[in-house]
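In: task: produce atomic coordinates for the following.
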Amino acid sequence: MMIRIVPLTGDGEPLLSPDTLWDGTSGDWAIAGDDKANAGGLRAKAELTTAVLLCLMTDARVEPDELPPEEQNRGWPGDSFDLRTDLGETVIGSKLWLLRRSTANDATALRAEDYARAALQTLIDQGAVSTAEVTGTADPAQRRIDLKITLKDRDGAVVFDRRFGVLWEQLRGLDRPLAN
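Out: You can find the predicted model right below:
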C-alpha cells in the first residue's frame, strides 16, 4: 500500500509552481530558468509554499511506541542527534505517513488534521504565520482524505490557502511497504 499527498485545485484556483515542486510522490526543487541574476540556480519566490510542502511532505520520525507493527521509523536522522534547540530549531515533517495502512474515514481524517497541524506548528513557532487552520474530510469511495490548509498572518489575512488530497493507492498488489 502506498500513500500520496497531492495538491488539489478547484475551478478558478491557480496551481502555482512552488520552489519545491511536488508530484504526489516526490519533491524536487524548481530551477530559476530564465532568471539572468540566478542563471542555473534554484528559484526562490514561493518561500511559504515551499515551507508548507516541506512540513507536510517530509516524513517525521516517531517514537517507537507510535510505530505500527513491522514498520520502520522514517524521517531525517539528523533530527535525533543534530538539533540546535538553542537556535530555535525543531524537528521537521509530518506523521501523515503513519496513515498509509488506515482506512479513509472520519476518524482517519481527524488524525490527518492533527498530524498536519502539528507539522505546521513550526511555521507558527518561527513567526512565519500566526495561525494554521486544518480541516480534513474523508472520501471513502475515492480512498482519499482532503486536507484544507489555511495560514494567516498576524493581522488575520490569509497568506496560504490550499487543498491537498491524501490518497491511498494499491501498489502492484502489495499490502506491505516496499524495501528502500
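In: OK, contacts around residue 66?
Out: 95, 98 (C-beta atoms under 8 Å, 6 or more residues apart in numbering). From N, CA and C alone the C-beta is placed, and that goes for glycine too.
In: residues of stretch 55-64 that come out buried?
Out: 55-62 (16 or more other C-beta atoms under 10 Å).
In: and what of stretch 146-161?
Out: Neighbour-count burial for stretch 146-161 [16+ other C-beta under 10 Å]: 146-152, 160.
In: still on that earlier bit, how about the buried residues of stretch 55-64 in CSV, adding distance to residue 100, pLDDT and secondary structure?
Out: Converted to CSV, the buried residues of stretch 55-64 look like this (distance: C-beta to C-beta, whole Å; pLDDT from 0 to 100; DSSP: H, G, I helix; E, B strand; the rest coil):
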residue, distance to residue 100, pLDDT, secondary structure
55, 18, 87, helix
56, 14, 89, helix
57, 14, 83, helix
58, 15, 83, coil
59, 10, 86, strand
60, 14, 88, coil
61, 16, 83, coil
62, 13, 84, coil
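In: just for this structure, where's the confidence low?
Out: Across the chain, the ranges flagged by pLDDT under 70 are 1-46, 76-89, 167-180.
In: quick one: the strands in it?
Out: 2-8, 20-22, 27-29, 131-139, 144-152, 158-169 (DSSP state E).
In: alpha carbons of the fourth one, as CSV, please.
Out: In this case it means strand 131-139. Extracted C-alpha coordinates of strand 131-139, given in CSV (Å, rounded to 0.1, in the frame of the first residue of the first chain):
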residue,chain,number,x,y,z
THR,A,131,-2.4,30.6,12.8
ALA,A,132,-2.7,27.3,10.9
GLU,A,133,-6.2,26.0,10.2
VAL,A,134,-6.5,22.4,9.0
THR,A,135,-9.8,20.7,8.0
GLY,A,136,-9.9,17.1,7.0
THR,A,137,-12.7,15.5,5.0
ALA,A,138,-12.9,11.8,4.3
ASP,A,139,-14.0,10.5,0.9
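In: can you give me the angle it makes with strand 158-169?
Out: Using axes from the mean of the first three to the mean of the last three C-alpha atoms, to 10 degrees, the direction of strand 131-139 lies 30 degrees away from that of strand 158-169.
In: show me what strand 131-139 is packed against.
Out: Packing contacts for strand 131-139, counted by 3 or more C-beta pairs under 8 Å, 6 or more residues apart in numbering; DSSP states H and E, involve helix 106-125, strand 144-152.
In: didn't residue 116 look like it was pressed against residue 147?
Out: Yes. Counting by C-beta atoms under 8 Å, residue 116 touches residue 147, with 5.5 Å between them.
In: what sits in contact with each of those two?
Out: With contacts taken as C-beta under 8 Å, 6+ apart, residue 116 and residue 147 have 134, 136 as neighbours in common.
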